[in-house]
Each structure stands twice: as C-alpha cells, then as structure tokens.
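Peer 1: sequence-free structure coming up:
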C-alpha cells in the first residue's frame, strides 16, 4: 500500500480551470493538478530556482523537480495533440491570510 501523499502548499486556487484549442477539433483532454500549475507558476512564470520554489511549496527539491517535469509533460501533450487542458484535483493546501490553511482535494481518476 503506498504512503499517503503529503499536501503541497499553493498560493491560491487557479482563476481559470481550462484551456481549449481554438480553430482545431479537440482530440481529448489532459489534466493538470493544482500543485503542478503552482510549480509551473513558480519556476517558469516567477523565475524562481527549484530550491526556492520547493521551499515555498513545502517539498524537497527532488519532489519539486518531479512535479515540474510532470506538469511540463502534460502541457506539452495538450499543445502538441490539440487536447483541452483542465486544471483540477491534487493534494494541496492553500495558504491564506493570517497563516490559515485550507485543504483542497479533487478527482484524479481522469488524470492523463
């Protein structure tokens, strides 16, 4: 039996939940978890190195690297194969004001 997943910290729930190709027939859909989106945001959008980004998410650098690699693979598949990209699911905690934490969990059965 696998060990339970430790929740990863994210800055907030995403404001968008899907990207759909325009002008092309949609050939399916792929799923990006909330923590994978956070890894892309911290590394590629904010420009943080993996060590700093891993610290913000509360995971090791190696775990962050695996999450980031998985996220990039999902995004590449969506772009190359004209699939809809949906953001949902995962095991994460949202850090809110006054250091309150909210736990989020979503469906993963449709994942990839």
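Peer 2: Ah, there it is. This is a predicted model, so every value here is computed, not measured.
Peer 1: Could you use CA atoms for every contact and neighbour count after this?
Peer 2: Noted.
Peer 1: what residue is smack in the middle of the protein?
Peer 2: residue 36 (1.9 Å; Cα atoms, centre = their mean).
Peer 1: what does the helix or strand where that residue lies contact?
Peer 2: If you go by DSSP states H and E, residue 36 is part of helix 34-40. Helix 34-40 is touched from outside by 8-11, 13-14, 53, 64, 67-68, 70-72, 87-92, with contacts defined as Cα atoms under 8 Å, 6 or more residues apart in numbering.
Peer 1: Restrict these to the buried ones and give me that as a ChimeraX selection.
Peer 2: Listed next is the ChimeraX selection for buried residues among the contacts of helix 34-40, using 16 or more other Cα atoms under 10 Å:
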select :8,9,10,13,53,64,67,68,70,71,72,87,88,89,90,91,92
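Peer 1: Out of the contacts of helix 34-40, list just those in strands.
Peer 2: If you go by DSSP state E, the contacts of helix 34-40 have 8-10, 87, 90-92 in strands.
Peer 1: Name the nearest of those residues relative to residue 81.
Peer 2: Nearest to residue 81 among the ones in strands among the contacts of helix 34-40 is residue 87, at 17.2 Å by Cα to Cα.
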